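*Asks:* Got a predicted structure plus its sequence, pasted below:
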Amino acid sequence: MIMPKETCVSSTNAATIDRSLTERYAQTMDAAQEQILLDRIRSGDETGFEILVKQHADRVTRLAWRLLGRRDDAEDLAQEAFLRLHRALPKFRGDSRISTWLYRTVTRLAIDQMRRDRLRQRLFFSRRHVDDPDPVDLASDPRANPARDLRTREAMQRLQSALADLSPRQRAIFTLRHYEGLPLKEIAALLDLGEGTVKSHLHRAVTSLRKELADFHEERS
Amino acid sequence: MTKTTCLNEQDLTLLYYGETPDSVSLLEAHRHIKGCPACQQRQLQLERTMQALPQRPCELDPHYATRLTARVVERIPRRRFALPAVAGGLAAAVVVFSFTFWKPEPLLVTHNAAVHPSAVTENTPSPDIDLLENLDLLRELDTLSELTGV
Ligand SMILES: [Zn+2]
């Protein structure tokens, strides 16, 4: 299992990611406030940690949900990421922001989980976790238009299935770029990969998705 | 018609995401597309497909963060409260063990120390060092308790 470490990314890379993530999400907590909170936690004040979790809970879970495709798995993964953060805080030097650390940890944990799921699928010929629709997606919204709801659901299932056929790394890179809007340079830094490798993974992911969804798009247009 | 050759698929993908293509500069790429109907068509097709991908809203209710925080915190105190109990037990065991097996050798230590001063630090188990080692052991309890799920 990959153990995310705060020191995995150089401070230059970390600074680039921090700046960008901060701009993108307009964090309510600036670096100075975060530092004060970290000092509180280090001095034994656990309420500081609660504030930190609450602050990042939604974003971390959404990222995990987009990466894994299922909400229940995403919640478990988010929980694990925060527990790891709690253990890592005494060693946290402040080279990177908490949001960057969490992004990196969640992405790597998700890739690990996708790899385990694929292995399980190969060993037991099981398709669970791979292209099963997310039960949350299937829950119908009473306000929704039934016909449109059905089309959206079908599109979602097709996408989910196509994403499941990508390699875990391709899927993570595609999700981070397409859905999270992270520049490839940042994705490369998060995953400790060269930018060229990330570009190539993204292209392969897009090609594969276009191929898998081609007939669906033709039918719809 | 432009002088540059048509863009490859990867460069078109990178352009779609606002990234710099690999084989040509951004300026060259845009200049080529502007003058090449074939690449314009390919770019349009790519855009259509990508924009048709369903969005995943991943909506969470307003109380989700509070619930998750409670779940996370619930898992932390258990470890925190269990640790002193385990540490206390182990410390007591260490003390009993030390008293049972500690063999004082004052004469030998004095003699060795007199002849070879360094022998004291190299050969004689110092109670202070023992204590430090035990403290290190206690520090490892954090890891042990995580592993055992205490
Ligand atoms: Zn062309």
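*Replies:* That came through, no problem.
*Asks:* Kindly report the residues of chain B close to chain A.
*Replies:* Residues of chain B lying close to chain A by C-beta under 8 Å from any C-beta of the partner chain are B:9-10, B:13-14, B:17, B:19, B:22, B:46, B:48-50, B:52-56, B:58, B:60, B:64-66, B:68-69, B:71-73, B:75-77, B:146. C-beta: built from backbone N, CA, C; applies to glycine.
*Asks:* Please parse chain B into its domains.
*Replies:* B:9-51, B:107-148 (automatic domain parsing).
*Asks:* Could you identify which of the ones you listed has the lowest mean pLDDT?
*Replies:* Of all those, domain B:107-148 carries the lowest average pLDDT, namely a mean of 42.
*Asks:* Report how many residues lie close to the closest residue to residue B:16 other than its chain neighbours.
*Replies:* Distances taken as C-beta to C-beta, 6 or more residues apart in numbering or on different chains place residue B:46 nearest to residue B:16, at 5.6 Å, with adjacent residues excluded. Residues near residue B:46, counting by other C-beta atoms under 10 Å in any protein chain shown, number 17.
*Asks:* which residues does the residue nearest the centre of chain A contact?
*Replies:* Nearest to the geometric centre of chain A sits residue A:63, at 3.5 Å (C-alpha atoms, centre = their mean). Contacts for residue A:63 were tallied using C-beta atoms under 8 Å, 6 or more residues apart in numbering or on different chains; they are A:103, A:106, A:107, A:180.
*Asks:* Closest one of these to chain B?
*Replies:* Set against chain B, the nearest of the contacts of residue A:63 by C-beta to the nearest C-beta is residue A:180 (10.6 Å).
*Asks:* Show the contacting residues for the closest one.
*Replies:* So residue A:180 contacts A:63, A:66 (C-beta under 8 Å, 6+ apart).
*Asks:* and whichever helix or strand residue A:212 is part of, what's its mean pLDDT?
*Replies:* Element membership for residue A:212 (DSSP states H and E) is helix A:195-220. Helix A:195-220 shows an average pLDDT of 87 in the prediction.
*Asks:* ok, now stretch A:48-55?
*Replies:* Mean predicted lDDT for stretch A:48-55 stands at 94.
*Asks:* re earlier: do the helix holding residue A:212 and chain B meet?
*Replies:* Yes: interface with chain B: helix A:195-220 contributes A:196, A:199-200, A:202-203, A:206-207, A:209-210, A:213-214, A:217, A:220 (C-beta under 8 Å from any C-beta).
*Asks:* From the chain's centroid, how far away is that helix?
*Replies:* 19 Å (C-alpha atoms, centre = their mean, to the nearest Å).
*Asks:* which helices and strands does that helix pack with?
*Replies:* helix A:146-164, helix A:168-174, helix A:184-191, helix B:9-16, helix B:37-52 (3 or more C-beta pairs under 8 Å, 6 or more residues apart in numbering or on different chains; DSSP states H and E).
*Asks:* Quick one: closest of these to the ion.
*Replies:* Closest approach to the ion among the helices and strands packed on helix A:195-220 (C-beta to the ion): helix B:37-52, 3.3 Å.
*Asks:* so residue A:67 touches residue A:105, yeah?
*Replies:* No: using C-beta atoms under 8 Å, residue A:67 is not in contact with residue A:105; the gap is 11.9 Å.
*Asks:* so who does the residue in chain A that the ion sits nearest to touch?
*Replies:* Relative to the ion, the nearest point of chain A is residue A:203 (17.3 Å; C-beta to the ion). Residue A:203 makes contact with B:9, B:10, B:13, B:14, according to C-beta under 8 Å, 6+ apart.
*Asks:* Let me have these in TSV, extended by distance to the ion.
*Replies:* TSV is the format used below for the contacts of residue A:203 (distance: C-beta to the ion, whole Å):
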residue	distance to the ion
B:9	12
B:10	14
B:13	15
B:14	15
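*Asks:* I would like a ChimeraX command selecting only the buried ones among the residues you listed, please.
*Replies:* Entered in ChimeraX, the line below selects the buried ones among the contacts of residue A:203, by 16 or more other C-beta atoms under 10 Å in any protein chain shown:
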select /B:10,13,14
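*Asks:* Quickly name whichever of the contacts of residue A:203 is closest to residue A:188.
*Replies:* For these, the closest approach to residue A:188 (C-beta to C-beta) belongs to residue B:14, at 13.2 Å.
*Asks:* which residue sits closest to the closest one, ignoring its sequence neighbours?
*Replies:* residue B:21 (5.0 Å).
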